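> dropping a prediction and its sequence here:
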Amino acid sequence: MGLPNLVVVYFKRTERIALTRILREYIQFSYSEHPDAYTDDFRVLDELRGDCVNLEVHHNALNRLLKYYGQLVFIGSKFPIDVGIEFPWSLAFSEDKRLIAHRNFFYEKACVLFNIGAMYSQLGVAENRFTAAGVKKASQHFQCAAGCFTYLNEVIIPEMRIPPTVDMSITTLNVLRNVMLAQAQECFWQKAVNDKMKDGTIAKLAGQVADFYETAHELSVNDSNVSQLLGQQFITHLQGKSWHFLAGSEFRKSSENISQNKYGDEIARLKVAESLIKRALGLQKNLRDSVINDLKSLEKPINDNLVRAEKDNDLIYLHSIPSASSLPPIGRAKMVEATVPPEVKDPISLMNERSILGEPLFVQLVPFAVHQAISVYFDRKDTLVREIIGRLLELTNTCKSTLQSLKLQGALEALEEPVGLPPTLIQKSNEVRQAGGLEVLKEKLERVQELEHNDTTILEEAFALLDQEIAEDEEIREKYAEKWQLPPSDSVNQELVQQGVKYRDVLNAARNGDHIIARKLEDWSTIIELLNASQDKLLRAVPASTQTYDDSNSCVSQLRGLYNQAQRLMNDREERIAEVQKFGNSDDIGPDLRKEAAKITAKGIGVKIESAHFEDFFAQHLNKYDPYLQLVKSETDTQEKLITSIVEINQRLLETRQRSDAANLGRIKAVQNLEIGYEKFKEILKNLREGEQFYRSFGTTLIKWKNDCKTFVESRRHYSQNHLEQLTKTFSGMSISNPQPSAPPASQIPQSHDRLNNSNELWNNGVGLAVNYEEPSQSMLSSSPHPSSPVHPIWTKGMPVSFVSSSGQRSPTTPNQTRGATWTRGRGIHFNGRN
């Protein structure tokens, strides 16, 4: 039995995949749930996926596809688009057996829906269209197929977030949609013919069939990728069917013209129909036999009616025959629409134990949107916590910098302890001595500078490797010019060079930082060395106060109270910061959010959960941080008032200190400098430790980069050597008709014996081809009257080519015979005496 006169959409093929294993792992590690709770769900999903591998054209197979598609739609709310599963599918219509795989759940859903459309098309073709019921079912199947391709094109493909394969491109899906609608409309036309409906009605139905086929044909031929995919026979089928039904429409309209006494119109339409049939039969090389038979079955009545009509008109009616373009257009009767099956459009609402879709799988699994919502809340919460902590830290830094700028601690200690060393200064001096004092700073600075030098050396050595390779490449490129086919170094080492430049910039910035630290150490080395000295020496460096004033004592007492209050404020703030951090870390809304999601899904399993559903929930839970925001405002107000008071009292103290003697001022200044020196010691020591750690870590990075440079250079040299050897072999075995470089001056040409021993050197030194490759015997060399002269087997430009026998003797010639030939660039060998 031949192929039917309708076409089917072929299935996309796939293969079995490890669906269950990967989903189990994802649930366990990403959702922190035990996958064993979903063992039955995994089994059902695997079975449904397995049904896609070997499809049969049957209603049961269609139901299984619809069920799998529905489950994919439902679990799309449970999992992200990529869970690590590769979904492999072939191209429909293509002979290419390769599978195209994407880690994309929506790609899987799109391919399954494509196969649902293909299944509807094949069920439609398989129906018995010789019965009224069969024609009706076939039309319904084709309309459902068109609906599937339409829904795939308009809804599913845009959700994939990846470019569709060519068989699911916009053009291909529109072609298939119109083909399915054409075949559905053709079923209505067939029923009208079987029911012997009016010719005018049948003409309108046939015209609409032709329009669908023509639209599909135009879309396919205007896209080279689509036309290549569908193939010439498929596209020719569309064109043939379009002309067939246009001819049928004109034929039926001509029959109606008879009843309307429009005999001229009848003949004109029959001629149009005749022309269309001839054009369609001209395509029969690529048409199915069934389509050809349909065309021929229409051709005979058209021809018979045309002969009869022309005869009657010539003898009886004598009507003028209008041109085809002046004929009134035939109306259209569109009876079909792209019908999206409800199981495709809204499968979730149809899922239950009595439905062909069954109950949804993974119902108890927390939807992916809930996990997204938790992430959204955590991001907002973390941002809020960082803002609170950041503002509190900013307050502390402002307070510290203000107190340091006023040098309050040293001044207060100097005034409160007019004789001897203040206790806090003794404590800080001990810390400096225990840490190693000035010597440890110098040692660490030297170590940092040494590490910086090592890193710089590694960097420059790597650059030297790249520079050397560039020089080698330029030298050999200059020597061989266009014969050297390897890409230039600067075109293939850009990534390494750019990375090296970035590393050099980093080192330069670090080196500048080291210079700043070194200058800081130099500026404060005297004070730091004094802090490292004995208490006796330190005591001698701090003069005693000789007098005090009542007003000064009052200011000092007030200032000490405010200073201590500021210290307590900062210490308490540290506790508040830790409290906020702890509260944020323990703030887990997961359980409450799942309860909220359960309330939403309680309205029905078809409810799609999105992060936007939880905005009010987020706002409610973030309100828990309002007390900490209020704390920030309260701390800001308290600190501003406190600092204002400290500045005012300190100013009064400064005015009082102006009446102090030089000893008082000297003591205050000495203690302040030592206090600041202590802070500078800690700061420099911290900077040097960080610098040492940085250079060690950065050195590891530079060594890796240098090794990459080495690998690159070695690889380039390897390929260069291979290319050079290939060039040498090519030159050594080249035909004598090939053009060669010019010969060097005669003084540069070595002796023939040496030249013959090393044919490669001929090309390396730019000399022409050695025609004779036989080694001359010692007797030949010794018998030569001029052994130092070059022998003729070496050829240079313009020299005749002599042929030597295997014995080393020249071929005998007569005076009139040609003894050699001359080589000319672009012409090869030219034998003397011949054209």
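All right, it came through fine.

> quick one: the helix or strand residue 69 falls within to chain centroid distance?
Using DSSP states H and E, residue 69 maps to helix 59-75. The chain centre lies 31 Å from the centre of helix 59-75; the measure is CA atoms, centre = their mean, to the nearest Å.

> by contact count, what packs against that helix?
helix 39-51, helix 105-126, helix 342-345 (3 or more CB pairs under 8 Å, 6 or more residues apart in numbering; DSSP states H and E). Where C-beta positions appear, they are placed from N, C-alpha and C, glycine not excepted.

> list the buried residues in that helix.
61-75 (16 or more other CB atoms under 10 Å).

> put the alpha carbons of the helix or strand hosting residue 158 into PDB.
Using DSSP H and E, the element containing residue 158 is helix 157-160. C-alpha atoms of helix 157-160 as PDB (Å, rounded to 0.1, in the frame of the first residue of the first chain):
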ATOM      1  CA  ILE A 157       9.400  28.000  23.500                       C
ATOM      2  CA  PRO A 158       9.600  31.600  25.000                       C
ATOM      3  CA  GLU A 159       9.900  30.000  28.500                       C
ATOM      4  CA  MET A 160      12.900  27.800  27.500                       C
END
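
> and it, what's buried?
For helix 157-160, by 16+ other CB under 10 Å, it's 157, 160.

> for that helix, the distance to its chain's centre please.
17 Å.

> ok, back up a step: export the helices and strands packed on helix 59-75 as TSV, with columns for mean pLDDT, mean neighbour count and distance to residue 568.
Output for the helices and strands packed on helix 59-75, formatted as TSV (pLDDT from 0 to 100; neighbours: other CB atoms under 10 Å; distance: least, CB to CB, whole Å):
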stretch	mean pLDDT	mean neighbour count	distance to residue 568
helix 39-51	93	16	60
helix 105-126	96	24	58
helix 342-345	95	17	69
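
> format those as a markdown table; extra columns: distance to residue 493.
Formatted as a markdown table, these follow (distance: least, CB to CB, whole Å):
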| stretch | distance to residue 493 |
| --- | --- |
| helix 39-51 | 48 |
| helix 105-126 | 39 |
| helix 342-345 | 55 |
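
> for the residue nearest to residue 87 when sequence neighbours are not counted, give its distance to residue 45.
Leaving aside its chain neighbours, residue 87 sits nearest to residue 108 (4.2 Å; criterion: CB to CB, 6 or more residues apart in numbering). As judged by CB to CB, to the nearest Å, residue 108 and residue 45 stand 11 Å apart.

> check which helices and strands the next helix or strand after the helix holding residue 158 sits against.
Toward the C-terminus, helix 157-160 is succeeded by helix 170-194 as the next helix or strand (DSSP H and E). Here helix 170-194 touches helix 105-126, helix 132-151, helix 199-221, helix 224-230, helix 232-259, going by 3+ CB pairs under 8 Å, 6+ apart.

> what pLDDT, on average, does helix 170-194 get?
Helix 170-194 shows a mean pLDDT of 97.

> the inter-axis angle of it versus helix 232-259?
Here helix 170-194 runs at an angle of 40 degrees relative to helix 232-259 (axes from the mean of the first three to the mean of the last three CA atoms, to 10 degrees).

> could I get the buried residue list for helix 170-194?
Going by 16+ other CB under 10 Å, helix 170-194 has these buried residues: 171-192.

> residue contacts, the one residue sitting closest to the centre of the chain?
Central residue of the chain (CA atoms, centre = their mean): residue 162, 10.5 Å from the mean position. By CB atoms under 8 Å, 6 or more residues apart in numbering, residue 162 lies in contact with 102, 104, 107.

> please redo it, this time with the cut-off set to 6 Å
For residue 162, the contact set (CB atoms under 6 Å, 6 or more residues apart in numbering) comprises residue 104.

> roughly how far apart are it and residue 669?
According to CB to CB, residue 162 stands 73 Å off from residue 669.

> one more: residue 5?
From residue 5 across to residue 669, the span is 109 Å (CB to CB).

> those two: which is more packed in?
For residue 5 versus residue 669, the count of surrounding residues by other CB atoms under 10 Å is larger for residue 5: 22 against 16.

> what about that one, which SS state?
Classification of residue 5 using DSSP: H, G, I helix; E, B strand; the rest coil returns coil.

> does it really touch residue 287, like I thought?
No. Applying CB atoms under 6 Å as the test, residue 5 and residue 287 come out as separate, 9.5 Å apart.

> just checking, what's the longest helix in the protein?
Ordering each helix of the chain by length in residues (DSSP state H) puts helix 662-732 first.

> average model confidence for it?
84.

> contacts only, for the nearest residue to residue 179 once chain neighbours are set aside.
For residue 179, ignoring the flanking residues on the chain, the nearest one in space by CB to CB, 6+ apart is residue 216 at 4.8 Å. Residue 216 is in contact with 175, 178, 179, 238, counting by CB under 6 Å, 6+ apart.

> next one: residue 164
Residue 164 touches residue 157, counting by CB under 6 Å, 6+ apart.

> distance of it from residue 158?
10 Å.

> what are the phi and psi angles of residue 322?
Torsion angles at residue 322 (phi, psi; degrees, to the nearest 10) stand at phi -70, psi 160.

> what's around it, how many residues?
Neighbours around residue 322, by other CB under 10 Å: 15.

> just give the nearest non-adjacent residue to it, would you?
residue 268 (5.2 Å).

> surely the one you found is in contact with residue 323?
No. Look at residue 268 against residue 323 with CB under 6 Å: they stay out of range, at 7.2 Å.

> more neighbours, these two?
Just comparing residue 268 and residue 323: by other CB under 10 Å the higher neighbour count belongs to residue 268, 24 against 8.

> now the element after whatever helix or strand that one lives in, going C-ward?
Take DSSP H and E as the rule and residue 268 turns out to sit in helix 263-281. The element immediately downstream of helix 263-281 (helix or strand, assigned by DSSP H and E) is helix 289-312.

> relative to helix 263-281, how tilted is that next one?
150 degrees.
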